[in-house]
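**Student:** Sequence first, predicted model second:
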Amino acid sequence: MSIYKVGKTPLVWKQNESQTVTFIVTEDCNLRCKYCYITHKAANKKMNLETAEAFINYILSNEISRKEAVIIEFIGGEPFIEVELIDQITDMFKLATYERNNEWFWNYRISICTNGVNYADPAVQHYIEKNRKKISLSITVDGTREKHDLQRVFPDGTGSFDTIDNNLALWLSQFPGCTKVTFSSEDLKYLKDSIISLWDKGITDVSANVVFEDVWAEGDEVVFEQQLMALADYVLDNALYEQYYCTLFDDGIGGYYTEGDKEMTHCGAGKMIALGPDGKLYPCLRYKGFSLNNHAEWCVGDVEKGIDMEKIRPFITAANRLQSDSECLKCVYAKGCAHCQGFNYDVAETPTNFYRAKYICKMQKSRVYANEYYFDKLYNMYGIERENRPDNNREMNFLLSDGYTSFCEHENTHDCTVTMDHDTIAQGLEYARRHLLKPVFIHDKNRLNERTLRDFPDYRIHHIISAKFHEHAAALRDYKLVYTPEDLDIPAEGIHCIFNTSAQDIAHLSENMIKLLGSAADVTVNIHGLKSDFDEYAYLQQLAIVKDAMVDWERNGGIRHEINVINQLCNLERSSRCNAGIDRFAYAPDGKLYICSADYSRGYEAVGDCIQGVVVKNAHLLSKEYSPICDVCDAHQCNHCMQTNRDATQEVNVAPSYKCRKSHIEREISRQYQQETPRRTTHSIPEIDYVDPIEQYLKTGNRMSGLYKYRKEFKEVQK
């Protein structure tokens, strides 16, 4: 399998096992970079050796809990202005750890990021040679001359590119090429050429970011996206995805925050410790006064008294869920969105650490769009999967004709009279990408438009195709075949497929399923025409037969099949509901968006289009929280079909009893399957004595069923 670097973050030495300790050796710098966050540089503020010694003694004491390894970071201003001091501090640290027999004597790395102006100075080169095997050193160069000299200038305003460029060959002969590039509003247009120029120089590892400050003009996000997409094309057209790193591409960004994400922070403020020249200690250098413009610096102690743990408590308790407002917490682009706690503190209306600036929102969205573009094309061109795609069940079903293949609980009885044209498809694909909706082409059940299989190479498209067109589907990377009882002689080729049958044909379900499982690995079963009089006993018996066959297959060394109505629940700890109208929409041939395919076929009102977006009336009723019976139910394999609910109960959020009983019959079969197979599953399915979860609902609170009686135990079904 091919491995990509463009889209991955390089590994950091002992990333989760090391403590970062920062020495701010000077507040001065020999450059005046326009985007620099250190806005109050001072030529007369540098660290003395006594302060550094007191700090080393403190961090090596037993007063602080520390990890097994340490990263000693020297920073400024420009750190190499004080290279002799850095040399003395390094020697002092090595001697102190040796004398104490401290594990950090062996487990340390020195980290320095320099602007490279005086890199060739003898004193700098002496220090590098002395610590060659223990030092990681990067030079900040911004790419092309135009880009670099626009921002990275000397105090007199002249560009520093030539000075830095003259030192790059020496640096690259000593260290792997690694640099950090920052982009602001006026230099975005140089992004693609700058990254490529760095790669061409041998700097293979490029960490890049946009500034957090409020500098972004109207249209910047468009330039950013276009530059990233052009860079993606360059990488893919030249097959360079395995050769370089660029952190603007990241396979983990985009999508909603997980619950785990909400409990984390984006940066390490409070988990590191920074020493200022005057002996004060900070949770991060961004809390030091030289980078603050609105609030007082946040000092957490000093080298004499040590760390004031009361000042650290806010950093221990900080989390995305507390620092972000509801817009961020519910944002579909949230995962991987960067924010700096020190900057957030400085621009908050009150001096608080529980705030998040949002100046880069539009830039994050553009970065996510461009990443979707890159990874879609990486897959289409080279068949390489995005390894860390965020969990995203958002979907946009393209009904390519009104005679589309039935793919869910709703049965489409219409034949083709209108098809979706090329421009409508293209507009929908762009809408899907910008809203992180997975595009799924639902093809016509009786004909196949082959152009739609190949005309959109920039998008990763999933296809749902009638099994009768399986020969055409074989050329695709992502597709599901839809089977009916009439198609079972067509091999499923081990893929995930859909099997549509009817409530009237339940008596033949096991026969048909076992035949299909001879060639299919995963099957989603849809039973159309389900009504209140469906034969529950026959359904239970038919599922039991299929379950027994699956257990026998596994015990005899055969493959483990996945079937939604048999064993999907064994690995589901939350609802797999349809989510139509929330995270899933149907896009119809008329160019409009509907809550689901059934709404379109039945002539219900559209909820939007690709220009105006989507507005769903009473959208809260489509969520699990507003589905009272579902909220107390653990039959998570049930898809909670809004149309079935509306047809039977007149409410989209209240399921009919026969649908609940069907789902609980499946639940019982899943429980039996779990007991009879040796494979591990994520959770245990407990035994219950009811098949309608409304009983559980009636037990909560002071609810009473009055004259209505629902109870129906399994033994009544199993007689």
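**Tutor:** Here it is on my side, so go on. Here the structure is a predicted model, which means the values were calculated and not measured.
**Student:** Next, find the distance separating the closest residue to Arg100 other than its chain neighbours from Asp237.
**Tutor:** Distances taken as CB to CB, 6 or more residues apart in numbering put Leu60 closest to Arg100, at 5.9 Å, once the chain neighbours are dropped. Heads up, the C-betas are built off the backbone N, CA and C, glycines and all. Leu60 sits 53 Å away from Asp237, going by CB to CB, to the nearest Å.
**Student:** Counting neighbours, go ahead and name the busier of these two.
**Tutor:** Counted by other CB atoms under 10 Å, Leu60 and Asp237 do not tie: Leu60 has more neighbours, with 18 against 10.
**Student:** ok now do the more buried one, which residues does it touch?
**Tutor:** Counting by CB atoms under 8 Å, 6 or more residues apart in numbering, Leu60 touches 96-97, 100, 102, 104.
**Student:** Tell me the most packed of the residues you listed, by neighbour count.
**Tutor:** Neighbour counts for the contacts of Leu60 peak at Trp104, which has 23 neighbours (criterion: other CB under 10 Å).
**Student:** right, and Asn167 touches Tyr119 too?
**Tutor:** Yes. Using CB atoms under 8 Å, Asn167 is in contact with Tyr119, at 4.2 Å.
**Student:** contacting residues around the helix or strand harbouring Ile89?
**Tutor:** For Ile89, the host element (DSSP states H and E) is helix 83-99. In this structure, residues lying in contact with helix 83-99 by CB under 8 Å, 6+ apart are 23, 25, 46-47, 49, 52-53, 56-57, 60, 72, 74, 79-80, 102, 104-105, 108, 110, 112, 118, 121, 123-124, 126-127, 130-131.
**Student:** In ChimeraX, how would I select the buried members of these?
**Tutor:** Selecting just the buried residues from the contacts of helix 83-99 in ChimeraX takes one command, with 16 or more other CB atoms under 10 Å as the test:
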select :23,25,46,47,52,53,56,60,72,74,79,80,102,104,108,110,112,118,124,127,131
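**Student:** Tell me which of the contacts of helix 83-99 fall in helices.
**Tutor:** Secondary structure defined by DSSP state H assigns 49, 52-53, 56-57, 123-124, 126-127, 130 of the contacts of helix 83-99 to helices.
**Student:** Which pair of those spans the longest distance?
**Tutor:** Between any two of the ones in helices among the contacts of helix 83-99, the greatest separation by CB to CB is 27.2 Å, found for Asn57 and Val124.
**Student:** Helix or strand next in line after the helix or strand where Val525 lies, which one?
**Tutor:** Per DSSP H and E, Val525 falls inside strand 522-528. Sequence order places helix 536-555 as the next helix or strand after strand 522-528, per DSSP H and E.
**Student:** for that following helix, which positions count as buried?
**Tutor:** Across helix 536-555, burial judged by 16+ other CB under 10 Å covers 536, 539-544, 546-547, 549-551, 553-554.
**Student:** ok, now stretch 193-211?
**Tutor:** By neighbour count on 16+ other CB under 10 Å, the buried set for stretch 193-211 is 193-199, 201, 203-211.
**Student:** Repeat that for stretch 574-594.
**Tutor:** 575, 577-589, 591-594.
**Student:** Take those and keep only those in strands.
**Tutor:** 584-587, 592-594 (DSSP state E).
**Student:** isn't Cys638 right next to Arg661, touching?
**Tutor:** No. Using CB under 8 Å, Cys638 is not in contact with Arg661; the gap is 10.9 Å.
**Student:** which one of those two has more residues nearby?
**Tutor:** Relative neighbour count places Cys638 above the other of Cys638 and Arg661, with 25 against 22, counting by other CB under 10 Å.
**Student:** can I see the domain layout of this structure?
**Tutor:** Per automatic domain parsing, the structural domains of the chain span 18-317, 395-718.
**Student:** nearest to Tyr333, of the ones you listed?
**Tutor:** Here domain 18-317 is closest among the domains of the chain (CB to CB), at 6.0 Å.
**Student:** hey, where'd the strands end up in the stretch 551-700 of the chain?
**Tutor:** For the stretch 551-700 of the chain, strands defined by DSSP state E, counting those that start in this stretch occupy the ranges 562-563, 584-587, 592-594, 608-609, 613-614.
**Student:** Please name whichever of the ones you listed is nearest to Phe154.
**Tutor:** strand 613-614 (48.5 Å).
**Student:** Show me the strands paired with that closest one, marking each as parallel or antiparallel.
**Tutor:** Here strand 613-614 is paired, per DSSP bridges, with strand 608-609 (antiparallel).
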